[in-house]
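Engineer: Structure of the sequence below:
(one chain, ligands or ions: 2)
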Amino acid sequence: MEHRKLAFIGAGNMSRSLISGLIRSGYPANNIIAANPSRPKLDALVADFGITATQNNLEAVTQAEVIVLAVKPQMMASMLEELLNAGAELDGKLLISIAAGISLNRLEAMTGGHKRIIRTMPNTPSLLGLGMTGLYAHAHITRADRDYCQSMMEAAGKALWVAEEDGINQVIATAGSAPAYFFLFMEAMAKQAEQSGFSAEEARLLVQQTALGAANMVAANPQLSISQLREQVTSKGGTTAEAIRSFNDNGLERLVADAMTAAVNRARELESQL
Ligand SMILES: NC(=O)C1=CN([C@@H]2O[C@H](COP(=O)(O)OP(=O)(O)OC[C@H]3O[C@@H](n4cnc5c(N)ncnc54)[C@H](OP(=O)(O)O)[C@@H]3O)[C@@H](O)[C@H]2O)C=CC1
Ligand SMILES: O=C(O)[C@@H]1CCC=N1
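Structural biologist: Ligands and ions are numbered 1, 2, ... in the order given. All right, here's what the predicted structure looks like:
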């Protein structure tokens, strides 16, 4: 992939995940700069990955060819306004937003009409190179910019383009927010395992190894549907069948659908507010 000079504006959880993925895949550390108002997260990024860091957004933007907008959605307008007021020149630069709930139209307005923007939705497993990122760009974005953005995200995992901008909100519900769903499920399982007598470490080991194994079974067996993998575990008249029956009787499918719809609705609500 091309190693364009890359700036992350906002050095929080998601930037750290993406930077880690990039460095792990061989992106040169001296082509990455991160900007953040407070120092500790920057110091940790410099220590862990050898990138450059600054508390001055303008300095990062000036040096970069590609700028990743990685502040909280609610901070985006004020951050960009300050940047433009400070004299930032965005011409010739590709902007990549990772923010939930801010449309390309809004980003264009917030940047004084800049049109070279790609919208993405990554997730935190990018930290380990196991991320999943959705991407969307308007038709005028060049092939070279699309390819760069895709390979940048693929350095941290897998990437999937969506055909409509609202597809990004569906990616949020299915991948961006979704690591937390699995963590919640694992928390509940670990809690129950502890209540049944395992130590906290034993419960975590049992749950984490099983989750890892299950995810790897899905990835390693594309010829099998996820339902078939579940059926392989479920002996007739056995223990798993009883657990699955309990999940189904308690409406697991509806719970999951409602939770994913709530995430999409919140993303759309943010889009209408910000
Ligand atoms: N976390 C996730 O799983 C995912 C998050 N996202 C998106 O990523 C974006 C960042 O989220 P996340 O990393 O979780 O949030 P964090 O709060 O961890 O990171 C945001 C960072 O932005 C910094 N910041 C605040 N104001 C400014 C400013 N004016 N200029 C530069 N930096 C600033 C904050 O600094 P300080 O703390 O010092 O104030 C903080 O380090 C959001 O838009 C979110 O929607 C997308 C996909 C997944
Ligand atoms: O919770 C959020 O709003 C962000 C976007 C996806 C994951 N975290």
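
Engineer: Can you name the residues of this structure sitting close to ligand 2?
Structural biologist: Applying C-beta under 6 Å from any ligand atom, one finds that the chain approaches ligand 2 through A100, I172, G176, S177. For the C-beta atoms, the positions are set from N, CA and C on the backbone; glycine is no exception.

Engineer: ok, which of those residues also contact ligand 1?
Structural biologist: Restricting the residues of the chain next to ligand 2 to those touching ligand 1 (C-beta under 6 Å from any ligand atom) yields A100, G176.

Engineer: In space, what's closest to E2 - neighbours in sequence excluded?
Structural biologist: Counting by C-beta to C-beta, 6 or more residues apart in numbering, the nearest residue to E2 once its immediate chain neighbours are dropped is Y148, at 5.5 Å.

Engineer: Touching, that neighbour and L94? I think so.
Structural biologist: Yes: when contacts are counted by C-beta atoms under 8 Å, Y148 is listed as touching L94 (7.2 Å).

Engineer: between those two, what contacts are shared?
Structural biologist: By C-beta atoms under 8 Å, 6 or more residues apart in numbering, Y148 and L94 have these common neighbours: R4, V66.

Engineer: you'd agree the residue nearest to E2 is in a helix?
Structural biologist: Yes: assessed with DSSP: H, G, I helix; E, B strand; the rest coil, Y148 lies in a helix.

Engineer: got any ranges where this structure has weak pLDDT?
Structural biologist: Filtered on pLDDT under 70, the chain yields no residues whatsoever.

Engineer: Report the outermost residue of it with respect to its centre.
Structural biologist: G237 (40.2 Å; C-alpha atoms, centre = their mean).

Engineer: Checking my notes, it in a helix, right?
Structural biologist: No: according to three-state DSSP, the state of G237 is coil, so it is not within a helix.

Engineer: Show the contacting residues for it.
Structural biologist: For G237, the contact set (C-beta under 8 Å, 6+ apart) is empty.

Engineer: So what's the residue count around the closest residue to R230 other than its chain neighbours?
Structural biologist: Leaving aside its chain neighbours, R230 sits nearest to I244 (7.4 Å; criterion: C-beta to C-beta, 6+ apart). I244 has 15 neighbours, counted by other C-beta atoms under 10 Å.

Engineer: what's the spacing between the residue farthest from the centre of the chain and ligand 1?
Structural biologist: Distance, G237 to ligand 1, by C-beta to the nearest ligand atom, to the nearest Å: 41 Å.

Engineer: P222: neighbour count?
Structural biologist: Residues near P222, counting by other C-beta under 10 Å, number 7.

Engineer: go on, A137?
Structural biologist: For A137, the count of nearby residues is 21 (other C-beta under 10 Å).

Engineer: Does it touch R146 like I think?
Structural biologist: Yes: using C-beta under 8 Å, A137 is in contact with R146, at 5.9 Å.

Engineer: Would you mind listing the residues touching both of those two?
Structural biologist: Each of I118, W161 lies in contact with both A137 and R146 under the rule C-beta under 8 Å, 6+ apart.

Engineer: What ranges does this structure have for its helices?
Structural biologist: 13-24, 40-49, 57-63, 73-85, 104-110, 143-154, 167-171, 178-195, 200-220, 226-233, 239-249, 252-273 (DSSP state H).

Engineer: wait, isn't R39 in contact with Q55?
Structural biologist: Yes: using C-beta under 8 Å, R39 makes contact with Q55 at a distance of 6.7 Å.
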